[in-house]
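K.L.:
sequence first, predicted model second:
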Amino acid sequence: MDPIGKSIRKLSGGDFEKRFEALFQDVLKDRRIKEFLNENKEVTRDQVERHLNDLFQYKKEWTNCDHCPGLEQCPNLMKGYQPSLSIYREDIQISYHPCPLKRRADERKRQASFIKSLYVPKEIVAVTFDDIDQDNETRVEAIARAMQFAYETVPGETGRGLYITGSFGVGKTYLMGAVSNALAEREIESMIIYTPDFFRELKQGINDGTYQDKLDMVKRAPVLILDDIGAETMSAWVRDDILGALLQYRMMEKLPTVFTSNYEMDELEGHLAYTNRGGVENVEELKAKRIMERIRHLNEQIVMKGENKRRF
């Protein structure tokens, strides 16, 4: 806060009293201060003089706000805060409250606390539905179904999810970022994970003792988004001990799971049926069908088409 004497010395000519009076009158010309004094006519000149430094700072910081350079460049004493005047115990009091930009930034941080992600680029979890192109009918349909899910699902009451399928780069993961943010607006926690990397980490977790904690963290997420399922190298252990256990728990607890995949459901069933054990491929159709029955029962398949946007 600028010392009042320093501000007085900046004014040209005259003795101290004249300079003080010039500063006093300059402060009183401020529109907001005039409105405050008009609303509180009991305020005396002595009170104004006693709080002239506060009033000068109030005027200066509102001038900054009127020409706001953005939250990051905010020059106010408390970045992102605006001053307000009030009467407390028959005297002038200045206090501070977050500005609209600060409130929006805080709300974004609060919402971000509801979104957890593993092995997913940071920009994905910042996506909203407004960011997604609606350049073909399948994309429009996918956005509509995803929005309906995000704004209507109630973890613990309904376990129904979505199964978004489409070729590389059509925006499936991008859409999931929008779902996570819409859920965060409703204060519903979600976890979006890149499935192949997660399965690899679980395998490593057997050696370092973190396997069960990591699996429990994922299977108990109120809304779980398994991104790019089918891109992993399938094994009987991944299928039965991880994916099977994960889906069984979530089905019993009515916790919705959302999938994205390059495979349609029938194709994913074929992927799950072929496992590699000891370098030998094994066909285990019954176990694959058991997994797919859980997925089909609780997830609506939605096909997304379009250009591969990763090429641009």
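P.N.:
Cool, the structure landed.

K.L.:
mind listing the strands for the protein?
P.N.:
81-88, 91-98, 115-118, 161-166, 190-194, 223-227, 257-261, 274-277, 280-283, 299-304 (DSSP state E).

K.L.:
for E49, find the nearest of those strands.
P.N.:
Among the strands of the chain, the nearest to E49 by CB to CB is strand 91-98 (10.6 Å). For every residue, glycine as well, the C-beta is placed using N, CA and C.

K.L.:
how far off centre is the closest one?
P.N.:
31 Å (CA atoms, centre = their mean, to the nearest Å).

K.L.:
and for stretch 50-65?
P.N.:
Relative to its chain's centre, stretch 50-65 lies at 35 Å (CA atoms, centre = their mean).

K.L.:
tell me, how many residues neighbour N64?
P.N.:
15 (other CB atoms under 10 Å).

K.L.:
how about low-confidence regions in the stretch 51-200 of the chain?
P.N.:
111-114, 117 (pLDDT under 70).

K.L.:
the nearest residue to K116 once chain neighbours are set aside - how many residues pack around it?
P.N.:
Distances taken as CB to CB, 6 or more residues apart in numbering place M191 nearest to K116, at 4.5 Å, with adjacent residues excluded. Residues within reach of M191, counting by other CB under 10 Å, total 22.

K.L.:
show me the contacts for M191.
P.N.:
Counting by CB atoms under 8 Å, 6 or more residues apart in numbering, M191 makes contact with I115, K116, S117, L118, M217, V218, A221, V223, L224, I225.

K.L.:
out of these, who's the most crowded?
P.N.:
For the contacts of M191, the largest number of neighbours (other CB under 10 Å) sits with I225, at 29 neighbours.

K.L.:
what ranges does the stretch 51-200 of the chain have for its helices?
P.N.:
Ranges of helices within the stretch 51-200 of the chain are 52-66, 100-112, 137-152, 172-185, 195-208, based on DSSP state H, counting those that start in this stretch.

K.L.:
quick revisit: distance to L255 added to the contacts of M191, as CSV?
P.N.:
Shown next, in CSV, are the contacts of M191 (distance: CB to CB, whole Å):
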residue, distance to L255
I115, 16
K116, 14
S117, 17
L118, 17
M217, 13
V218, 11
A221, 7
V223, 7
L224, 7
I225, 12
